[in-house]
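**Q** quick one: sequence plus predicted model below, questions after.
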Amino acid sequence: MAKHNNFKEKFIHGLFFLNGLLVIIVLVGIFVLLVTKSLPAFKEIRFSEFLFKANWNPTATFVTPSYGIGSMLVSTLMVSIGALAIAIPLGIGAAAYLSDVASQRVREIAKPIIEILAGIPSVVIGFLGIVLVGPVIAKIFHIPNGLNALNGSILLAVMALPTIISLSEDALNSVPKSFQEASLALGATHWQTLVRVKIPAALSGIIAASMLGMGRAIGETMTVLMATGCAIAMPTSFLQSVQTMTATIAIELGEVPYNTTHYYALFGIGLVLFIITFIVNMISDIVLHKYQRVLK
Amino acid sequence: MKARKFKEIFGFNILRLCVGIVIFILIIILYDITSKGIGVISWKFLTAMPKNGMTEGGILPAIVGTFLVTVITALLSIPLGMGCAIYLNEYARDNKITRLIRMSIRNLSGVPSIVYGLFGVILFVQMMNLGTCILSAGFTLGLMTLPWTITASEEALKNVPNSYREGALALGATKWQAIKTNVLPYAIPGMLTGTILGLSRAAGETAPILFTGAAFFLPFLPKSLSSQFMALPYHLYIMSTQHHAVSKVRPIAYGTALVLIALVFIMNLCAVIVRYRLRKIKME
């Protein structure tokens, strides 16, 4: 009986262990499948040309098709950085207010509101980019069409805000109380304490939060697909229509025949996206861990 | 002294403004969608098929499609996510493999949704030969929600006091018996809260289902799990960008957006209620 039990216990333990390994398998599986599916494309296209040339024209019929994603790469970075330029100051400000200034009541009201904002589907945000933000941009800048990089940046900022706010607030809250008390005891005001003691002490947590927001923005598809106008060209200003890497995959994968160079090249874009977001997330992770160790 | 006080008041007001802007954004979003979408919503809109090239009629197939896909998502994500959380919190030692698992979870939650879509196309549609259908889309979304389910479930397991485990073990229970009788019953409500939140996000996702089964227009309900389907988020995308008379169907797009937001809110509300009841039980 005891032996039987022991066997059963080991079996269950093994089962849960396999279940734990599953996440590693999925992550490695995504990477391996992306690599194998994009390899055929890189037999025909030089990787450096793929990455840096801005001549994406896979359906050319009279000239040889070309597969440079340079303009999309720049568009993706531009829209994401624009989004962060809006979301980081706003997010840190809101986080600082919630952690240091707001009363308990205000905090209890604001927290669910931010959670609701995080829950709004990206396709709805993209829809509002078309019907609400687009016309406003067109009016302000006197341009015929408000679907451009600026629109995408504003929408991505809205989507990145909840992540940045809640993680920055966590970082501010985990600054030891003694820091704050020491500063106040030396005669600093609450404001000076916040700006010169708490925010610097929480800085790596705030940076990690911003990097995570950046990863989200780079990988976001529907909002940029709907609101940036989708025109493949090297962007020169925020008022120009752009097409990001994610949008290109979304538009073209549905129409391209399986197992053509174009099809493989789209998986190549997916691979580039995966690697970029992976690196951004890793940096965020490393910064956060270092910070936690320092605070301990 | 006065300058310092002034600076403080000024600074705090800027911070207050930041929160105000965030709340204002949410109010605008909700107001715009609700005020323009509510007029479209009727019993007929919710229960009729789209008609006349989707310029009239309702969105029933999209509602049914989203519901079915979310069920498949839950069936994949809940058991696997909870299992992984149980392993991490109850069995795993702090070694290299455990750290690797945790790192993978963090990275999986950062993988772009469109990349999950690509993965779903290769793995489920092509390699497993399921084709573009509800199952492929649901499995793809299931993998995408896995990291959220794991994180939420582990959080719930952590909240069960250690004395519960020790009590059972001291009475001679095996590890699994202790988990089954003394840990899971207390952790499951918390696990469910997090899982429902994850599912509500999955229900609103579009990118992963673009190529794994969502259909532009189907004038009937899905016959089986291996048929294509219409989905609310994809329908909204179609109605606002791809339809041949985009401005004419704008009201339908607003109505769809409102139904989608309402669906997400109702799911969130369920999660909040579960959490609230859980707190009450704990207090008693």
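**A** Noted; the coordinates are in hand.
**Q** ok, for the residue nearest to the spatial centre of chain A, nearest residue in space, not its chain neighbours?
**A** Central residue of chain A (C-alpha atoms, centre = their mean): A:Arg216, 1.5 Å from the mean position. Of all residues not flanking A:Arg216 in the chain, A:Ala160 sits nearest, at 5.7 Å (C-beta to C-beta, 6 or more residues apart in numbering or on different chains). Where you see a C-beta, it was placed from the backbone N, CA and C, and this is true even at glycine.
**Q** what about that neighbour, which helix or strand?
**A** Using DSSP states H and E, A:Ala160 sits in helix A:149-173.
**Q** what's that helix packed up against?
**A** helix A:70-96, helix A:104-119, helix A:122-128, helix A:134-141, helix A:203-219, helix A:222-227, helix B:2-37 (3 or more C-beta pairs under 8 Å, 6 or more residues apart in numbering or on different chains; DSSP states H and E).
**Q** give the buried residues for that helix.
**A** A:149-169, A:171-172 (16 or more other C-beta atoms under 10 Å in any protein chain shown).
**Q** of all the helices and strands packed on helix A:149-173, which one is nearest B:Val160?
**A** For the helices and strands packed on helix A:149-173, the distance to B:Val160 is smallest for helix A:104-119, at 24.1 Å, taking C-beta to C-beta.
**Q** can that closest one be found next to chain B?
**A** Yes. Using C-beta under 8 Å from any C-beta of the partner chain, helix A:104-119 reaches chain B at A:Ala110, A:Ile113, A:Ile114, A:Glu115, A:Ile116, A:Leu117, A:Gly119.
**Q** got those as TSV, with pLDDT and neighbour count columns?
**A** Listed next are the residues of helix A:104-119 next to chain B as TSV, based on pLDDT from 0 to 100; neighbours: other C-beta atoms under 10 Å in any protein chain shown:
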residue	pLDDT	neighbour count
A:Ala110	86	19
A:Ile113	85	16
A:Ile114	88	23
A:Glu115	85	14
A:Ile116	87	17
A:Leu117	90	20
A:Gly119	88	17
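**Q** now, which of these sits nearest A:Ala227?
**A** Distance ranking of these against A:Ala227, using C-beta to C-beta, places A:Leu117 first at 17.2 Å.
**Q** surely that closest one touches A:Ile164?
**A** No. With contact defined as C-beta atoms under 8 Å, A:Leu117 does not count as touching A:Ile164 (11.5 Å).
**Q** I'd guessed the residue nearest to A:Arg216 sits against A:Gly82; true?
**A** No. Using C-beta under 8 Å as the test, A:Ala160 is too far from A:Gly82 to be in contact (11.0 Å).
**Q** who's in contact with residue 73?
**A** Here I'm looking at chain A. Shown in contact with A:Leu73 (C-beta atoms under 8 Å, 6 or more residues apart in numbering or on different chains): A:Leu51, A:Met245, A:Val272.
**Q** try chain B instead
**A** Neighbours of B:Thr73 in contact, by C-beta under 8 Å, 6+ apart: B:Gly138, B:Leu141, B:Gly142, B:Thr145, B:Leu199, B:Ala202, B:Ala203.
**Q** before we move on, what's the pLDDT of the residue found closest to A:Val197 once you drop the neighbours it is linked to in the chain?
**A** Once flanking residues are discounted, A:Val197 sits nearest to A:Ser183: 4.5 Å by C-beta to C-beta, 6+ apart. A:Ser183 carries a pLDDT value of 91.
**Q** what about A:Ser183, distance to A:Ala201?
**A** From A:Ser183 over to A:Ala201 the distance is 10 Å, taken as C-beta to C-beta, to the nearest Å.
**Q** and for B:Pro147?
**A** Separation of B:Pro147 from A:Ala201 (C-beta to C-beta): 29 Å.
**Q** who has more neighbours, those two?
**A** Comparing B:Pro147 with A:Ala201 by other C-beta atoms under 10 Å in any protein chain shown, the one with more neighbours is B:Pro147, at 24 against 19.
**Q** isn't that one up against B:Met103?
**A** No. The pair B:Pro147 / B:Met103 is not scored as a contact, 11.3 Å apart, by C-beta under 8 Å.
**Q** which of the contacts of A:Leu73 tops the neighbour count?
**A** Each of the contacts of A:Leu73 was scored for neighbours by other C-beta under 10 Å, and A:Met245 scores highest at 26 neighbours.
**Q** now do the contacts for that residue.
**A** Neighbouring residues of A:Met245 by C-beta under 8 Å, 6+ apart: A:Ile69, A:Met72, A:Leu73, A:Ser75, A:Thr76, A:Ile269, A:Val272, A:Leu273.
**Q** tell me the least confident of these?
**A** Of all these, A:Ile69 has the smallest pLDDT value, namely 89.
**Q** next one: that residue from chain B, what distance?
**A** To chain B, A:Ile69 is 14 Å away according to C-beta to the nearest C-beta, to the nearest Å.
**Q** near that residue, how many other residues are there?
**A** When neighbours are counted by other C-beta under 10 Å, A:Ile69 registers 26.
**Q** also the one 3 residues further on?
**A** Here the number of neighbours of A:Met72 (other C-beta under 10 Å) works out to 26.
**Q** before we move on, the earlier item: biggest separation within the contacts of B:Thr73, which pair?
**A** B:Gly142 and B:Ala203 (12.2 Å).
**Q** who has more neighbours, these two?
**A** Between B:Gly142 and B:Ala203, counting by other C-beta under 10 Å, B:Gly142 is the more crowded of the two (26 against 22).
**Q** can you give me the pLDDT of that one?
**A** You'll see B:Gly142 listed with a pLDDT of 95.
**Q** neighbours around A:Ala54, how many?
**A** A:Ala54: 17 neighbours (other C-beta under 10 Å).
**Q** do the same with B:Thr98
**A** Per other C-beta under 10 Å, the neighbour tally for B:Thr98 reads 15.
**Q** where's it, which helix or strand?
**A** Here B:Thr98 sits within helix B:96-108, counting by DSSP H and E.
**Q** how about that helix: buried residues?
**A** Neighbour-count burial for helix B:96-108, counted by 16+ other C-beta under 10 Å, picks out B:Ile101, B:Arg102, B:Met103, B:Ser104, B:Ile105, B:Arg106, B:Asn107, B:Leu108.
**Q** go ahead and confirm the first one touches A:Val23.
**A** Pointing back at B:Ile101 there. Yes. Shown here, B:Ile101 and A:Val23 form a contact pair, counting by C-beta under 8 Å, at 5.8 Å.
**Q** which residues are contacting the lowest-mean-pLDDT helix or strand in chain B?
**A** Taking mean pLDDT, DSSP states H and E as the measure, strand B:56-57 is the helix or strand of chain B with the lowest mean score, a mean of 80. Applying C-beta under 8 Å, 6+ apart, the external contacts of strand B:56-57 come out as B:Ala48, B:Met49, B:Pro50, B:Lys51.
**Q** number of residues surrounding the first one?
**A** Think B:Ala48. Neighbours of B:Ala48 (other C-beta under 10 Å): 15.
**Q** residue contacts, it?
**A** B:Ala48 neighbours (C-beta under 8 Å, 6+ apart): B:Gly57, B:Gly58, B:Leu60.
**Q** for A:Lys198, which non-adjacent residue is spatially closest?
**A** Of all residues not flanking A:Lys198 in the chain, A:Val175 sits nearest, at 5.2 Å (C-beta to C-beta, 6+ apart).
**Q** which ones are touching the one you found?
**A** Counting by C-beta under 8 Å, 6+ apart, A:Val175 touches A:Val197, A:Lys198, A:Ala201, A:Ala202, A:Leu295.
**Q** swap the cut-off to 10 Å and go again
**A** Shown in contact with A:Val175 (C-beta atoms under 10 Å, 6 or more residues apart in numbering or on different chains): A:Ser99, A:Asp100, A:Val197, A:Lys198, A:Ile199, A:Pro200, A:Ala201, A:Ala202, A:Gly205, A:Leu295.
**Q** of the residues you listed, just the buried ones, PyMOL syntax please.
**A** Command for PyMOL, covering only those of those found buried under the criterion 16+ other C-beta under 10 Å:
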select buried, chain A and resi 99+100+197+198+199+201+202+205
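**Q** now render the contacts of A:Val175 as a markdown table, adding secondary structure.
**A** Below are these laid out as a markdown table (DSSP: H, G, I helix; E, B strand; the rest coil):
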| residue | secondary structure |
| --- | --- |
| A:Ser99 | helix |
| A:Asp100 | helix |
| A:Val197 | helix |
| A:Lys198 | helix |
| A:Ile199 | helix |
| A:Pro200 | helix |
| A:Ala201 | helix |
| A:Ala202 | coil |
| A:Gly205 | helix |
| A:Leu295 | helix |
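**Q** right, I'll leave it there.
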